[in-house]
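S.K.: fold the stuff below for me.
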Amino acid sequence: MDLSQGGEFGKNRILVFREVKILPDYISSRSAISKSKAEPQLTKTIYFHVAPLVSSTWKKGDPVHVWVACEKMELPTCNWGSSVFFWGENLKHHSLYPYYKLSVQDAGRIYKLTVSEYPTIFRPIADPEKKLVRAGMYGLSGLFF
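M.R.: Residues are numbered from 1 along each chain as shown. Predicted coordinates:
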């Protein structure tokens with residue numbers, strides 16, 4: 001799919017993007033406190049970092065249709081990398097989607113970016129070959145984190 005165009009990814013759970021770049025100058029983050037159910041006094045801060053994922057020809061002022069969620073929620077910063085090849089899991093139906101969506105909306109306000117009401121957000125897949133092999137061996141249940 002051409003990231004310079006808006007559109008739906010349908011029911012696709014995992015997609016591969018080529019000729020793309022992550023824009024680390026347009027990141028946004030929110031945090032939340034997570035409590036252990038077993039020991040409520042134990043708390044941990046988790047972070048919802050997002051950055052735009054755009055075509056390699058993107059220019060300032062172009063709309064942003066797709067966002068990347070940092071795969072490390074426990075760190076206050078994220079290493080975005082500079083790959084032109086990206087494997088991602090669509091978070092559209094994930095329980096954390098509303099939190100990432102708030103970060104995307106913040107980025108839109110802060111950087112004056114046009115953002116969809118329901119932005120497409122992907123989480124990187126660190127080891128896609130392993131994930132796909134597991135999916136093949138165990139069925140679709142192997143795709144879930």
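S.K.: contacts, neighbours, all on C-alpha from now
M.R.: Will do.
S.K.: got any ranges where this structure has weak pLDDT?
M.R.: The chain contains residues with pLDDT under 70 at 1-15, 82-86, 126-145.
S.K.: other SSEs contacting the strand ranked longest in the chain?
M.R.: When the chain is parsed with DSSP state E, its longest strand is strand 43-55. With contacts taken as 3 or more CA pairs under 8 Å, 6 or more residues apart in numbering; DSSP states H and E, strand 43-55 sits against strand 20-22, strand 28-35, strand 66-69, helix 97-111.
S.K.: as JSON lines, the ones you listed with mean neighbour count would be great.
M.R.: Listed next are these as JSON lines, based on neighbours: other CA atoms under 10 Å:
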{"stretch": "strand 20-22", "mean neighbour count": "21"}
{"stretch": "strand 28-35", "mean neighbour count": "15"}
{"stretch": "strand 66-69", "mean neighbour count": "26"}
{"stretch": "helix 97-111", "mean neighbour count": "19"}
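S.K.: dihedrals phi and psi, I27?
M.R.: Backbone geometry at I27, expressed as degrees, to the nearest 10, gives phi -80, psi 160.
S.K.: around the closest residue to it other than its chain neighbours, count how many other residues there are.
M.R.: What sits nearest to I27 in space, not counting adjacent residues and going by CA to CA, 6 or more residues apart in numbering, is A51, at 4.5 Å. As a burial measure, A51 scores 25 neighbours (other CA atoms under 10 Å).
S.K.: contacting residues for A51?
M.R.: Counting by CA atoms under 8 Å, 6 or more residues apart in numbering, A51 makes contact with 22-24, 26-28, 67-69, 104.
S.K.: let's go with 7 Å and repeat that
M.R.: Residues in contact with A51 (CA atoms under 7 Å, 6 or more residues apart in numbering) are 22-24, 26-28, 67-69.
S.K.: export those residues as CSV, with columns for distance to K112.
M.R.: As requested, the contacts of A51 are arranged in CSV below (distance: CA to CA, whole Å):
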residue, distance to K112
I22, 17
L23, 14
P24, 15
Y26, 10
I27, 12
S28, 12
W67, 15
V68, 18
A69, 19
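S.K.: nearest to P119 among those residues?
M.R.: Nearest to P119 among the contacts of A51: W67, at 7.4 Å, using CA to CA.
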